[in-house]
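> what follows is a predicted protein model with its sequence.
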Amino acid sequence: MVAAERAGMSQVELDAADCVIDLDADQASCPACMGTIPKGSVMCPECGLRIG
Ligand SMILES: [Zn+2]
């Protein structure tokens, strides 16, 4: 991710962006709340963190 893409992002999103999320997996773990994010979801159903 380049610096320009970070503009306007909240700190929690920046933290999440530094984590690797395998979107090809059946599900992923939210880097913010560690909740389960179903495949195809663009945001965490637990905390609403955008991962897409
Ligand atoms: Zn979450």
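Structure received. Residues are numbered from 1 along each chain as shown.

> going forward, measure contacts and count neighbours with C-alpha atoms only.
Will do.

> which residue ranges of the chain form strands?
Assigned by DSSP state E, the strands in the chain fall at 27-29, 36-38.

> sort out which residues of the last one are buried, please.
Pointing back at strand 36-38 there. For strand 36-38, burial by neighbour count (16 or more other Cα atoms under 10 Å) applies to 37-38.

> about what we covered before: could you dump the strands of the chain into CSV and include mean pLDDT and distance to the ion?
CSV is the format used below for the strands of the chain (pLDDT from 0 to 100; distance: least, Cα to the ion, whole Å):
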stretch, mean pLDDT, distance to the ion
strand 27-29, 86, 8
strand 36-38, 91, 8
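
> could I get these as JSON lines with distance to Gly48?
Listed next are the strands of the chain as JSON lines, based on distance: least, Cα to Cα, whole Å:
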{"stretch": "strand 27-29", "distance to Gly48": "13"}
{"stretch": "strand 36-38", "distance to Gly48": "10"}
